[in-house]
Structures are given as structure tokens and as C-alpha cells.
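1. predicted structure and sequence below. I'll ask about it afterward.
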Amino acid sequence: MAPSEIPSLTESARAVLRLLASQGPVTRPKLGSMLELSKPTMSAAVSELSALGLVSSRGTERGAIGRTATIYGIGPGAGYVIGIDVGAAQVRAVAYSMDAQPLATVEESIPDGATVDETGAFILAVAKSIPAKVGKAFRTLRSIAVAVPRIVSHSRLGNGQGNGPGAVLHALRRKIDVPIILENNVNCAAIAERHFGAAQGHETFAFLQVGVRVGLGLINEGRLYRGAGGAAGEVGRMPFPWSASEVPFREGLEHYLGSRALVERSRQTWPAEEGTPPNSAKELFALALAGSRPAAEAVSRHA
């Protein structure tokens, strides 16, 4: 699974490719106007990229005076990337084209009590299986990003065997010859929120995730803020309860706010006349939406 050599391109062709990657499909006249390229230079750049499969036609657009213009976007020859999300119960991988079009998805369940080595094997299996689903048109894998539910300290992350994130990264790099990025999963979610979610247009914000675990990603002036040891935003590690009479314990906030504790509290106070109590946060939220009074009260208390 070694990446192909990146071809040598003229400066104008590189400019066109860079713009299409950042802006999405654009008509040829608009490309020339945005880059301030002459028609001959623009034509030569598009021909150069098309011959390599780096750009391709996405149809046509009719202008105000009736003329049609070809729309160009990133082509399959530019390759694709893989994002892998390592959760508590499953590993999920998604392949995307270089202009953010989804290509394929693979999921693999992780059994309870799996070791670091066993989890690493699941991650590797998913990473190696998804290219077959992508197909031959997108033949070049450019990079892999792996989101893990752990603190990732880039100052300590090496190529040794180690444990945790370091071991995962080492195993992948031995088997797959492409650039591999390892990052905390909530940090990845914060980056995604900035590009595709509610934080679009915001340069500084905090993304709070409350699920099985609790985490927070910080974006400051458009860049991910990790902190010196990669633990910035790890609110789940805060001591809890906040009480004058009880002794707080480390990571108590995560245990209290996590979905498992939410479901357990709901089950303990669930009225018998309301039937079977929910077994998961998903079931609890569905019951609340359907009008269940104890479910709505549990969700309200938790919020």
C-alpha cells in the first residue's frame, strides 16, 4: 500500500489543483479569473492535470449570456485519504476523496476487555480492508488519520513499541507506507466541527463531547490547542463531586457525566408503571422524544 510518486507539476497547474482542493468544483473561466491566469495558461494547466487524472469534468454550467462552461473538480488520480475513529466498542473507518466526497466505510467491533495489541490489530485490519471498497479509480492512498480516545502527547510520541497510542502508530507505520496522523478523538471532532459543523466561521471555540466518556477540544485562532502534554481540554479528568461534604476523586466528572452512569441513574429511579427502563442512552433519548415523563426528567437533570 505504498503511495505513488507525486508528479512534477508546473506552477500554474499546482495553483489550479490547490484552489480546487480548497474551494471545490469551479468552472474554467472562474478558475482563470480567481488565479489571474490567461486563457492559454489556464488551458495548459487544466490539460496537464487532466492527463494525470488529478482533475476531471463535473458537468457544465450555463452563464448569463447563454454560453456554457465546463466545471472542473479534483479527479480520482489525486487519490484519497482514510479517517479511522477508534471508539470504546468499535473501529470505524471512512475513506474520502481529496475534495471531501465519501467513498467507503468499514466498521469492526471491539470485544470487551480487548488489549492494546488486540485493538491495534483491529485498527490495522480496517485500514487494510477499506482500499478494496474504494475501488481502482481512486488507486492512491495519500494519508491516514487515526482518532483515539486517549491523550496523545506529540512530544512523547515516538516509533518505539511502547503502549497505547505509540504502539498503535508503530504498528501502522510498519505495515502501511503512507503519512499517518494520530490524534485525540475529541480534538479531531473539534477540527471537523470547525470545517463542517456549527463552528464554521468561528476561529476560537470549545467543543464539548458527552458520551460514554467526556472530553473537550479547544480551537484557538483557527488552530488546535493541545497544551504542553496533549491534555488541554481533558475536562473528564476533573475531580468530582463538587461538594463540601464528599471527597472528590480524580476523573470523577467523567464517571458521573458519562452515558453509562446516566443510564444507571435512570434505571434506578424508573417508575414500575412506566414499563421496562432504557438500556442505553439512545433508548433514553428516544423515550424522552416520544413524551416519556421519567425519561424527559432524567435527560433534563443530566443536561
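-> Nice, thanks for sending it over. Numbers count the residues shown, from 1 in each chain.

2. beyond the helix or strand in which Ala127 is found, next helix or strand please.
-> Assigned by DSSP states H and E, Ala127 falls within helix 116-134. Note on helix 116-134: by DSSP H and E, the next helix or strand toward the C-terminus is strand 141-148.

3. send me that next one as CSV with only the CA atoms.
-> The C-alpha trace of strand 141-148 is given here as CSV (Å, rounded to 0.1, in the frame of the first residue of the first chain):
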residue,chain,number,x,y,z
LEU,A,141,-3.8,6.4,-0.7
ARG,A,142,-2.4,9.7,0.4
SER,A,143,-2.7,9.7,4.2
ILE,A,144,-4.4,8.1,7.2
ALA,A,145,-5.7,9.9,10.3
VAL,A,146,-6.4,7.9,13.4
ALA,A,147,-8.6,9.3,16.2
VAL,A,148,-8.1,7.5,19.6
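
4. who are the packing partners of that strand?
-> With contacts taken as 3 or more CB pairs under 8 Å, 6 or more residues apart in numbering; DSSP states H and E, strand 141-148 sits against strand 80-86, helix 116-134, helix 165-175, strand 180-184, helix 185-196. Every residue, glycine included, has its C-beta placed from N, CA and C.

5. per-domain residue ranges of the chain.
-> What automatic domain parsing lists as the domains of the chain is 11-75, 78-183, 258-302.

6. would you single out the least confident of the ones you listed?
-> Among those, domain 78-183 carries the lowest mean pLDDT, at a mean of 86.

7. and Gly83, what is it in contact with?
-> The contact partners of Gly83, by CB atoms under 8 Å, 6 or more residues apart in numbering, come to Ala93, Val94, Tyr96, Ile144, Ala145, Ala147, Cys188.

8. returning to that earlier point: so which of the helices and strands packed on strand 141-148 comes closest to Leu224?
-> helix 185-196 (5.7 Å; CB to CB).

9. any idea how far that closest one is from the chain center?
-> A distance of 7 Å separates the C-alpha centroid of helix 185-196 from that of its chain, computed with CA atoms, centre = their mean, to the nearest Å.

10. which elements pack onto that helix?
-> The contact analysis (3+ CB pairs under 8 Å, 6+ apart) places helix 185-196 against strand 80-86, strand 141-148, strand 205-210, strand 214-220, strand 223-225.

11. using TSV, lay out those strands together with distance to Tyr256.
-> Rendered in TSV, the data for the helices and strands packed on helix 185-196 read as follows (distance: least, CB to CB, whole Å):
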stretch	distance to Tyr256
strand 80-86	24
strand 141-148	23
strand 205-210	11
strand 214-220	9
strand 223-225	26
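
12. adding distance to Glu251, write the domains of the chain out as a markdown table.
-> Compiled in a markdown table, those are given as follows (distance: least, CB to CB, whole Å):
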| stretch | distance to Glu251 |
| --- | --- |
| domain 11-75 | 40 |
| domain 78-183 | 12 |
| domain 258-302 | 10 |
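
13. right, and these - which one's nearest Ala231?
-> domain 78-183 (5.0 Å).

14. so what's the residue most central in space within the chain closest to, chain neighbours aside?
-> Centroid check for the chain by CA atoms, centre = their mean gives Cys188 as the closest residue, at 5.4 Å. Distance criterion CB to CB, 6 or more residues apart in numbering; nearest residue to Cys188, sequence neighbours excluded, is Ala147 at 4.1 Å.

15. thought the one you found was touching Val91?
-> No - applying CB atoms under 8 Å as the test, Ala147 and Val91 come out as separate, 10.2 Å apart.

16. where's the residue lying closest to Gly24 once chain neighbours are set aside relative to Lys136, distance?
-> Leaving aside its sequence neighbours, Gly24 sits nearest to Asp99 (CB to CB, 6+ apart; 6.0 Å). For Asp99, the distance to Lys136 equals 19 Å [CB to CB, to the nearest Å].

17. neighbour-wise, which of the two wins?
-> In this view Asp99 and Lys136 are compared by other CB atoms under 10 Å, and Asp99 has more residues nearby, 17 against 8.

18. which strand or helix spans the more buried one?
-> Applying DSSP H and E, one finds Asp99 in no helix or strand.

19. is it true that Pro179 touches Ala145?
-> No - at 9.3 Å, Pro179 does not count as touching Ala145 under the criterion of CB under 8 Å.

20. which residue of the two possesses the greater neighbour count?
-> Ala145 (16 against 13).

21. the more buried one contacts Val81, correct?
-> Yes - counting by CB under 8 Å, Val81 is a contact partner of Ala145 at 7.1 Å.
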